[in-house]
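A.B. asks: starting from these lines, generate the structure:
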Amino acid sequence: MNFTATIRNGKIVPIDVVYFQDEVPKYEGKDVQIVLTKLNKRSNPQNRYYWGVVVYLVRERLNELGYVREDLRDNELPATLTREDVHIYLKENFNRKEIVNPDTGEVLGTTSASTTSLSTDEFAKYIENIITWCSTHLDLEIPSAEPQLNYNK
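C.D. replies: Sure, this is the predicted structure:
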C-alpha cells in the first residue's frame, strides 16, 4: 500500500483519508514496513497550466459538443459543465489506482485518486495522457505548457 500524507504536529495526516481508512485495516495484526520520503509535489506553474489551460479547454470543447454534467457524472441533474465537473471526470479516468488484496496480491479493482499528492513527474504524465486523449477523442489540441517564442526577422 502506498499513500501520500502530510506530517502535522508530529502526526501522519493522509491526503486521501478515505483510501487510507479503507486500506489500513487490511494490515491488522501484520508486520509492515513504513518508509517516509519527501515528495516533490506538483508545481504551482503545473497547477496553473492544468486549471487555466487543460481543464478550461476541455470544458469549452465538451460544452461545444453538447455535453452536460449528467454526461460526465453519474446521478447528477443536467447542468452546464463546471471546471470541477471536468476535473473530477479527468481524475476518474486518468488518475486511477489499483485496489490490491494485501494477502493475495490480487487486483480487486480500481479507484480514482486525488491529484493533489502527485509529484511533478506524475502530474506531468497525468497531463500528457489527458492531452493525448483530447487529441484523439475530442479533436482538441491543447497548447504546450512551454512558451512558444516567435521572433520576426
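A.B. asks: rest of the way, CA atoms for contacts and neighbours
C.D. replies: Fine.
A.B. asks: which regions of this structure lie under the pLDDT threshold?
C.D. replies: Applying pLDDT under 70 to the chain picks out residues 39-40, 147-153.
A.B. asks: just the strands in it please.
C.D. replies: 5-8, 11-14, 96-100, 107-112 (DSSP state E).
A.B. asks: what's the closest of these to residue 87?
C.D. replies: Of all the strands of the chain, it is strand 107-112 that lies closest to residue 87, at 11.5 Å by CA to CA.
A.B. asks: and the angle from that closest one to strand 96-100?
C.D. replies: Inter-element angle recorded for strand 107-112 and strand 96-100: 150 degrees (by axes from the mean of the first three to the mean of the last three CA atoms, to 10 degrees).
A.B. asks: which other helices and strands contact strand 107-112?
C.D. replies: Contacts defined by 3 or more CA pairs under 8 Å, 6 or more residues apart in numbering; DSSP states H and E place strand 107-112 against helix 83-94, strand 96-100.
A.B. asks: could you rerun that using 6 Å?
C.D. replies: Applying 3 or more CA pairs under 6 Å, 6 or more residues apart in numbering; DSSP states H and E, one finds that strand 107-112 makes contact with strand 96-100.
A.B. asks: ok now the strand it packs on, how far from the chain's centre?
C.D. replies: How far strand 96-100 lies from its chain's middle: 13 Å, per CA atoms, centre = their mean, to the nearest Å.
A.B. asks: so residue 132 versus residue 8, what's the distance?
C.D. replies: According to CA to CA, to the nearest Å, residue 132 and residue 8 sit 38 Å apart.
A.B. asks: which one of these two has more residues nearby?
C.D. replies: Taking other CA atoms under 10 Å, residue 132 and residue 8 do not tie; residue 132 has more neighbours (14 against 8).
A.B. asks: distance of that one from residue 145?
C.D. replies: Distance, residue 132 to residue 145, using CA to CA: 14 Å.
A.B. asks: what do you get for residue 33?
C.D. replies: In this structure, residue 33 and residue 145 are 39 Å apart, going by CA to CA.
A.B. asks: do the same with residue 93
C.D. replies: 21 Å.
A.B. asks: same check, this time on residue 11
C.D. replies: From residue 11 across to residue 145, the span is 36 Å (CA to CA).
A.B. asks: appreciated, that's everything.
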